[in-house]
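Visitor: sequence and predicted structure, then a few things I'm wondering about:
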Amino acid sequence: MQDRLLMVVVGMLVVLSFYSSGFRALSQASEFDLVITNGHIVDGTGNPWFEADIAIKNGRIVEIGKVETTRAVRTIDAKGLIVTPGFIDVHTHIESNIGRLPTAENFLRMGVISVVTGNCGGSASNLGEWFTELEKAGISINIASLVGHNTVRRAGMNGDFDRTPTPEEMQRMRDLVEQAMRDGAVGLSTGLVFVPGTYAKTDEVAELAKVAARYGGNYATHMRDEGNRVEQAIKEALEIGELARCPVEISHFKVNSKKRCGDSKITIKLIEDARAKGQQVTIDQYLYTAGSTFLGRIFPTWLFDGGTGKVKDRPLHSPAVRFFGGCGLLQHLRSGISLY
């Protein structure tokens, strides 16, 4: 492959959409808005690249093959460069910012034209209304969203989280997940290290994942632990997928403890073994040497009053809170985690 690499974003379906039409060529009388010539096409199917021209009319690919440039209003010579569909970023948190930055140039300039948000258990509280607002705003990228377990738990349990939900609360949460799926959610996400999701038991999450599965959704998780108990967390995620009979996506798959450095060979094998048995499980990973999290994550969850976010019976400056907070902060800094 050439040293130079240019990602020319030509639409979500690119080659795939044209394959389905049987490579129907237009007549010579047709005029194209744009022809991209001589590019190495990587179509996203897993096939090897191939060299061809791409003709575009009214924002759609209409011909792939050898296209005469005289048939186009404009041409781009992509010789030695890569032409590819837009990338999909499956792990974003754009709920609070996309309205302020509707052009999403930070994504588009990197070739990302579709994103999945609502990860780690947090999503818009009413996805139907949120999607409507996005359509009115004229967002530049394609957006899919998961429904967040933390968001649902807050709405369903009235602020008292350090317990098992009552049958009525459990049904309320099922209803919220079902409504979100009807509104267009692509699955259920959890953030099992964050309040209030950290107090949820495996069977609670599995019950909600079953609702998402009925609508073809998947289960995406920021696991309960990514350090010393990472194996148990992976096994819990796989168990939830099996109970709900839905695909599993493990977010930012990593080992974040220096004591466990090198143990990715163990965690990866757990995924490979599950896939070998036929379970549909995938992972995503960022390439940074440091992560980020909220300041509240440095405190152990038992310090909080039922998950309300208030420290139980102690002011923040008390010796106990300062001790455990200091230990948590030191652990995060040693692990290369930044706080925001």
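Guide: That came in fine, so what should we check first?
Visitor: for stretch 142-158, measure first residue to last.
Guide: Taking C-alpha to C-alpha, to the nearest Å, stretch 142-158 runs 33 Å from one end to the other.
Visitor: kindly report the same for stretch 196-205.
Guide: So stretch 196-205: terminal residues 12 Å apart, C-alpha to C-alpha.
Visitor: return the distance of it from the chain's centre.
Guide: In this view, stretch 196-205 has its centroid 20 Å away from the chain centroid, taken as C-alpha atoms, centre = their mean, to the nearest Å.
Visitor: list the buried residues in it.
Guide: 196-200, 204-205 (16 or more other C-beta atoms under 10 Å). For every residue, glycine as well, the C-beta is placed using N, CA and C.
Visitor: ok, Gly39 touching Val83?
Guide: Yes: taking C-beta atoms under 8 Å as the definition, Gly39 is a contact partner of Val83 at 3.6 Å.
Visitor: of all the buried residues of stretch 196-205, which comes closest to Ile113?
Guide: Gly197 (30.3 Å; C-beta to C-beta).
Visitor: contacting residues around Leu135?
Guide: Just so we're on the same page, residue 135 is Glu rather than Leu. For Glu135, the contact set (C-beta atoms under 8 Å, 6 or more residues apart in numbering) is empty.
Visitor: surely it is within a helix?
Guide: Yes: according to DSSP: H, G, I helix; E, B strand; the rest coil, Glu135 belongs to a helix.
Visitor: let me know the pLDDT of it.
Guide: pLDDT, Glu135: 91.
Visitor: tell me how far it lies from Gly128.
Guide: 11 Å (C-beta to C-beta, to the nearest Å).
Visitor: need the mean per-residue confidence for the strand ranked longest in the chain.
Guide: Longest strand in the chain, counting residues (DSSP state E): strand 32-41. For strand 32-41, mean pLDDT rounds to 95.
Visitor: residues of the following helix or strand past that strand that come out buried?
Guide: As assigned by DSSP states H and E, the chain's next helix or strand after strand 32-41 is strand 50-57. Using 16+ other C-beta under 10 Å as the test for burial, strand 50-57 gives 52-57.
Visitor: check stretch 84-95 too.
Guide: Those would be 84-87, 89-92, 94-95, for stretch 84-95 by 16+ other C-beta under 10 Å.
Visitor: mind listing what the residue nearest the centre of the chain touches?
Guide: Nearest to the geometric centre of the chain sits His91, at 2.6 Å (C-alpha atoms, centre = their mean). Residues in contact with His91 (C-beta under 8 Å, 6+ apart) are 116, 119, 251-252, 284, 286.
Visitor: which of those has the weakest pLDDT?
Guide: Tyr286 (84).
Visitor: contacts only, for that residue.
Guide: Counting by C-beta under 8 Å, 6+ apart, Tyr286 has contacts 91, 252.
Visitor: out of the buried residues of stretch 84-95, which sit inside strands?
Guide: 84, 87, 89.
Visitor: nearest to Pro167 among those?
Guide: Asp89 (38.3 Å).
Visitor: alpha carbons of stretch 241-250, as CSV, please.
Guide: Extracted C-alpha coordinates of stretch 241-250, given in CSV (Å, rounded to 0.1, in the frame of the first residue of the first chain):
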residue,chain,number,x,y,z
GLY,A,241,-25.6,-12.0,26.6
GLU,A,242,-26.4,-15.6,26.9
LEU,A,243,-29.3,-15.0,29.2
ALA,A,244,-30.7,-12.3,27.0
ARG,A,245,-29.8,-14.1,23.7
CYS,A,246,-28.3,-11.0,22.2
PRO,A,247,-24.9,-10.0,20.8
VAL,A,248,-22.4,-8.6,23.4
GLU,A,249,-20.1,-5.6,22.7
ILE,A,250,-17.5,-4.9,25.4
